[in-house]
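1. Based on what follows, work out the 3D shape:
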Amino acid sequence: MSGAGPRQPRRLALGVLLAAAALAIAMFPFRSTWWGGWILAVAEAGVIGGLADWFAVTALFRHPLGLPIPRTALIPANWELMAARVGTMVGSRVLTKDYVAQEIARVDISSLIARGATSISSRDLDAATQELARWLAAELSPKMAGDLITRLRDLVLARPLAPVLAGLLEVARRNEWDRRVVTAGAGALAEALDRPAFRATAGDLVDDLLARYREGMSLAPRLWIGVARLLGLIDRERMLAAIQSGLRQVVEEPDHPVRQRLAAAVEELPGRLRADARLVARVEAAKRDLLATPVATRVLEDAAAAVHRTVLADLERPDSEVRAWIVERLERARRALADDEELRRELDRWAKSRVLEAVERHHQRLAEFIENGVLALGPDGAVRLIEEHAGDDLQYIRVNGTVVGGLAGGLLHAIRLVLGLV
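-> Numbering: from 1, shown residues only. Below is the predicted model:
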């Protein structure tokens, strides 16, 4: 034990033991008198009781006086068994499934949601969004954004795209996200085309698409395209400049024809993606052609980095559109939670059912979790932990041993004196 707190009970126990020993020495010359013999018996029995309890307490943690006495240093010798039994006891007798279920049922999550929803203001939501933006700026690097896009690409390649795309398009149209996505995406791509590395990558993609397009043509169209390229009519830089100019026009003009065509396509496309087998096959083929190439990977990574910079820059602005949009949605959710009692009850039931499912699934691992936590302490750590939390009480056991031993010795000596008189 360490610190003034743990040392004080130990000093008290040692002081009581030394006082009993000093009293025994002082009374030894008077042992022939009835009162001297009685006090000596009290003192001697107190010393014996104090020493016995000192031995018992010390033997829990270490070898008394450093002697390898059998059945001492019990905790260091048995800490692995102790860890297993503590884990089993807590898992099977303390935090049982029924007990955890009862405690979860007592928690009124709906009331907690109501209080939280009424106590949060729009200013709080805006401040939280700003903090989130700062955290994203610090933690989410462009490389991480690129890695995230790469993983998303692998996921898209592994699953059918058409039904997912249909659902996303319907949700986007209902919430008018399609317009924001077009603006943000076109702006990010136009900005990215100003950077030489991305422009070179986009040029490689244009060349790759042109090569694929030519492969599907007959001889005459392929010949004319080759002549046009020789004359400079089909030039890589000219095509990239046209693409960049068109993207900027899409960003600047709310009624741009591309926007209108995209809006009309988004409106009719979900139904076709679910019913038109040929379109579904074309979507899957296009998905593989566009995403399964190294060039597409580089384009996606560069686009992710550009979107990452654009969004973070917007979030840091005082009049951020992205932050205003997020705060507006959060405010709608807050009002719905504050006003709709049935919604809160549904969330209460859902949260409790998910927690109970997790308890049912992982309860048997609770004992293992606790056992591993105790094992991680090691024998010395287990000794320190118990001494820190139970050391004071164990030192008072030594005090009680000295006092109780003395009282027992005095009582026995008094009985002997009474029997001697009889």
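2. burial measure for Glu387, as a count.
-> Per other Cβ atoms under 10 Å, the neighbour tally for Glu387 reads 18. Any C-beta I mention is one placed from the backbone N, CA and C, and that applies to glycine too.
3. Neighbours of Ala304, how many?
-> Around Ala304 there are 22 residues (other Cβ under 10 Å).
4. What distance do you get for it to Arg288?
-> Per Cβ to Cβ, to the nearest Å, Ala304 is found 20 Å from Arg288.
5. for Ala241, same thing?
-> Taken as Cβ to Cβ, the span from Ala241 to Arg288 is 30 Å.
6. The helix or strand of the chain with the lowest mean pLDDT: what's the following helix or strand?
-> Least confident helix or strand of the chain, by mean pLDDT, DSSP states H and E, is helix 219-230 with a mean of 56. For helix 219-230, the following helix or strand on the C-terminal side (DSSP states H and E) is helix 236-252.
7. How far does the following helix or strand past that next one sit from its chain's centre?
-> Going down the chain from helix 236-252, the next helix or strand is helix 257-275, by DSSP H and E. Mean C-alpha position of helix 257-275 versus that of the full chain (Cα atoms, centre = their mean, to the nearest Å) differs by 40 Å.
8. contact partners of helix 257-275?
-> Under the criterion Cβ atoms under 8 Å, 6 or more residues apart in numbering, residues 162-163, 165-167, 169-170, 172-173, 178-179, 182, 246, 249-250, 253, 279-280, 283 lie in contact with helix 257-275.
9. of these, buried ones?
-> The neighbour-count criterion (16 or more other Cβ atoms under 10 Å) marks 162, 165-166, 169-170, 172-173, 178-179, 182, 250, 280, 283 among these as buried.
10. Got the domain ranges for this protein?
-> 4-96+363-421, 140-316 (automatic domain parsing).
11. helices or strands next to the longest helix along the chain in the packing?
-> Taking DSSP state H as the criterion, the chain has its longest helix at helix 364-421. Here helix 364-421 touches helix 4-27, helix 34-61, helix 74-89, going by 3 or more Cβ pairs under 8 Å, 6 or more residues apart in numbering; DSSP states H and E.
12. can you redo the ones you listed as TSV with mean neighbour count and mean pLDDT?
-> Converted to TSV, these look like this (neighbours: other Cβ atoms under 10 Å; pLDDT from 0 to 100):
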stretch	mean neighbour count	mean pLDDT
helix 4-27	16	82
helix 34-61	19	89
helix 74-89	15	79
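13. Take those and lay them out in CSV including distance to Val383.
-> Below are these laid out as CSV (distance: least, Cβ to Cβ, whole Å):
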stretch, distance to Val383
helix 4-27, 13
helix 34-61, 5
helix 74-89, 6
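14. Which one of those lies nearest to Trp350?
-> Taking Cβ to Cβ, helix 74-89 is the member of the helices and strands packed on helix 364-421 nearest to Trp350, at 30.8 Å.
15. Following element in sequence after the closest one, please.
-> Following helix 74-89 in sequence order, the next helix or strand is helix 97-106 (DSSP H and E).
16. Remind me what the very next helix or strand once past that following helix packs against, helices and strands.
-> Proceeding N to C from helix 97-106, the next assigned helix or strand is helix 109-119, under DSSP H and E. On a contact count with 3+ Cβ pairs under 8 Å, 6+ apart, helix 109-119 meets helix 321-339, helix 341-362.
17. Please identify the deepest-packed of these.
-> helix 321-339 (a mean of 15; mean count of other Cβ atoms under 10 Å).
18. what's the angle between it and helix 109-119?
-> With axes from the mean of the first three to the mean of the last three Cα atoms, to 10 degrees defining the directions, helix 321-339 sits at 130 degrees from helix 109-119.
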